[in-house]
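[1] fold the following, please.
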Amino acid sequence: MRTSVEDEAVDFVRELIRIDSVNTGDPATIGDGETRAARFVQAKLEEVGIATTFVEPVPGRGSVVARMLGSDPDAEALIVHAHLDVVPVDAENWTHPPFGAEIHDGMLYGRGAVDMKNFAGVILAIARDLARAGTLPRRDLIFAFLADEEAGGTWGAKWLVENRPELFDGAGDAISEVGGFSVPILPDRRAYLLATAEKGVGHVGLTAHGEAGHGSRPRPTDAVTRLAGAAARIGEHRFPVVRTQALDAFLRVVGEARGAQFTDDGLDAQLDELGFTGRLIQASARQTAAPTVLRAGGKFNVIPAAAHAQLDVRALPGSEDELRAELLRLAGEDIDLDWDISISPISSPIDAEFVGTISRALVEEDPDGVVVPYLLPASTDNKHFAKLGVRGYGFVPLRVPDDFDVYGQFHAADERVPVDALRFAARTTHRILTTA
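    From the prediction side, this is the model:
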């Protein structure tokens, strides 16, 4: 692979960061940044002869898809995708301009440096390199640069899956975020996390009803009091550890390497020893329900007739029914529960052929590295492609210093990534796509 691919990848990441494609989730405040980013990608692909499909379901929400034919017509296609939108920024909290794409002390700063214009720039450079060299991968490669991931993919991956599924005909696997970054959890070795499963995302409402009255005559049965009790019980509850396939694989690989045996009762304390990585795994080891919004009343001396709360709920694969039953129990019989798991959890095989491809490519670039499966406690566009029967994996390979928390960069001020890690991503991803 020519060094120019690494250089071009870094350049494209910087150019994409400079395109302000903030997705506020509110149509009234979203500009045309996603479309401008998609048109930039489209121009770069077509410049080297790659045919593209541009879609814009509503103004400003553009996506680009391109298929590169492989040598084996019987092989399942591989979707390689990245989203072009980013979350909002508060520039006052940044040391460097969030859309400046400046490099300081070997670090590239900017919104999207990790989430996820890094991978968009990398796969754009790789697609161009394959086209210029006339390299024919074994599988069809479907490059997808998507809008609206940060607000659930309604006008991006979700829209494409529902309205243009033919663009992904024959696809069996997908690779995207969140994983691939190195973490210091093995002695004298680097572990690279591979997301093989994702929690589902739900918005659950709680409502308590009571009798309106004067604030001078409170009662234990008032709506606010009962709602507060329900929210407190749920927020303080620690759900039990669930040994999913991904968690079992993580604990087995890490336990063997560290000479330790993980137990359910002592898991939190054992994971604490893994630092920031342990906190990530703690969130993926059990169901979670966090009260995030409380609403009641409008005047300090009036007891309201109703009180409302919203919960951020994250469901493990196959455990939605158990989670709902537990929330009903914790809330209590006199609390109404509005259950909505809007994005279902997904799980992909940890022993799939594509997982072996990823592992071999990684070791070629880092002989002291090992790929470790895990369950992502958040959500990506892989969930939408799962509706087409596609197995989704999160792996953006970044070799970073041991004290650099890549996951901690997501949605953070001063989001940044080591430039050397981008070069590593270009080399490793190139190996993955050409050997898959």
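
[2] going forward, measure contacts and count neighbours with C-alpha atoms only.
    Fine.

[3] got the phi/psi numbers for the residue nearest the centre of the chain?
    By CA atoms, centre = their mean, the chain has its centre lying nearest to T380, at 4.1 Å. Backbone dihedrals for T380, given as degrees, to the nearest 10, come out at phi -140, psi 180.

[4] now do the one 3 residues further on
    Backbone torsions for K383, taken as degrees, to the nearest 10, come to phi -60, psi -40.

[5] that one contacts S348, doesn't it?
    No: counting by CA atoms under 8 Å, K383 does not reach S348; the two are 10.7 Å apart.

[6] which residues are common contacts for those two?
    G392 (CA atoms under 8 Å, 6 or more residues apart in numbering).

[7] the two: who's more crowded?
    K383 (25 against 18; other CA atoms under 10 Å).

[8] how about the more buried one: what's its closest non-neighbour residue?
    I346 (6.4 Å; CA to CA, 6 or more residues apart in numbering).

[9] same deal with L130?
    L136 (7.4 Å).

[10] still on that earlier bit, for the residue nearest to K383, what are its contacts?
    197-200, 317, 383, 386.

[11] ditto for R238
    T288.

[12] list the contacts of the helix or strand bottoming out on mean pLDDT in the chain.
    Of all helical and strand segments in the chain, the minimum by mean pLDDT, DSSP states H and E falls on strand 341-343, at a mean of 78. For strand 341-343, contacts defined as CA under 8 Å, 6+ apart pick out 200-204, 313, 383.

[13] what's the farthest-apart pair in the residues you listed?
    Using CA to CA, the contacts of strand 341-343 span at most 19.6 Å, a distance reached by V204 and K383.

[14] about what we covered before: which one of the contacts of strand 341-343 is nearest to A38?
    Among the contacts of strand 341-343, K383 lies closest to A38 (CA to CA), at 21.4 Å.

[15] give me the pLDDT value at M1.
    Looking at M1, its pLDDT stands at 47.

[16] correction: the previous question concerned D188.
    On the pLDDT scale, D188 gets 78.

[17] look up the closest residue to it, ignoring the ones flanking it.
    Using CA to CA, 6+ apart, the nearest residue to D188 is D368, at 7.9 Å.

[18] does the one you found touch R190 like I think?
    Yes: if you go by CA under 8 Å, D368 and R190 touch, sitting 6.3 Å apart.

[19] of those two, who's got more company?
    R190 (23 against 12).

[20] mind listing the residues bridging to the more buried one?
    G369 (DSSP bridges).

[21] residue contacts, it?
    Applying CA under 8 Å, 6+ apart to R190 gives the contacts 182-184, 368-370.

[22] for the residue nearest to L130, helix, strand, or coil?
    coil (DSSP: H, G, I helix; E, B strand; the rest coil).

[23] for it, what are its contacts?
    So L136 contacts 69-71, 130, 434 (CA under 8 Å, 6+ apart).

[24] sheet partners, orientation included, of the least confident helix or strand of the chain?
    strand 200-209 (antiparallel).

[25] show me what the next helix or strand after the strand it pairs with is packed up against.
    Next helix or strand after strand 200-209 toward the C-terminus (DSSP states H and E): strand 213-214. Counting contacts by 3 or more CA pairs under 8 Å, 6 or more residues apart in numbering; DSSP states H and E, strand 213-214 is packed against strand 302-303.

[26] immediately after the strand it packs on, which helix or strand?
    Sequence-wise, the next helix or strand downstream of strand 302-303 (DSSP H and E) is strand 306-315.

[27] could I get that following strand in PDB with only the CA atoms?
    Once non-C-alpha atoms are left out, strand 306-315 reads as follows in PDB (Å, rounded to 0.1, in the frame of the first residue of the first chain):
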ATOM      1  CA  ALA A 306     -49.900  14.700  37.600                       C
ATOM      2  CA  ALA A 307     -46.100  14.300  37.500                       C
ATOM      3  CA  HIS A 308     -44.000  12.900  34.700                       C
ATOM      4  CA  ALA A 309     -40.500  11.400  34.300                       C
ATOM      5  CA  GLN A 310     -38.500  10.100  31.400                       C
ATOM      6  CA  LEU A 311     -35.900   7.300  31.600                       C
ATOM      7  CA  ASP A 312     -33.000   6.500  29.300                       C
ATOM      8  CA  VAL A 313     -33.200   2.800  29.000                       C
ATOM      9  CA  ARG A 314     -30.600   0.500  27.500                       C
ATOM     10  CA  ALA A 315     -31.600  -3.100  26.900                       C
END
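
[28] how far is that strand from where the chain is centred?
    Counting by CA atoms, centre = their mean, to the nearest Å, strand 306-315 is centred 22 Å from the centre of its parent chain.

[29] hmm, who's touching that strand?
    Here strand 306-315 has contacts from 199-211, 223-224, 227, 231, 287-297, 323, 341, 344-345, 377-378, using CA under 8 Å, 6+ apart.

[30] make it 6 Å
    Strand 306-315 is contacted by residues 199-210, 223-224, 287-296 when judged by CA atoms under 6 Å, 6 or more residues apart in numbering.

[31] I figured the residue nearest to D188 was touching R189, is that so?
    Yes: D368 lies in contact with R189 (CA atoms under 6 Å); the separation is 5.3 Å.

[32] tell me which element A283 falls in.
    helix 276-284.

[33] likewise for P373?
    Here P373 is assigned to strand 369-376, by DSSP H and E.

[34] quick one: mean pLDDT over that strand.
    On average, strand 369-376 scores 95.
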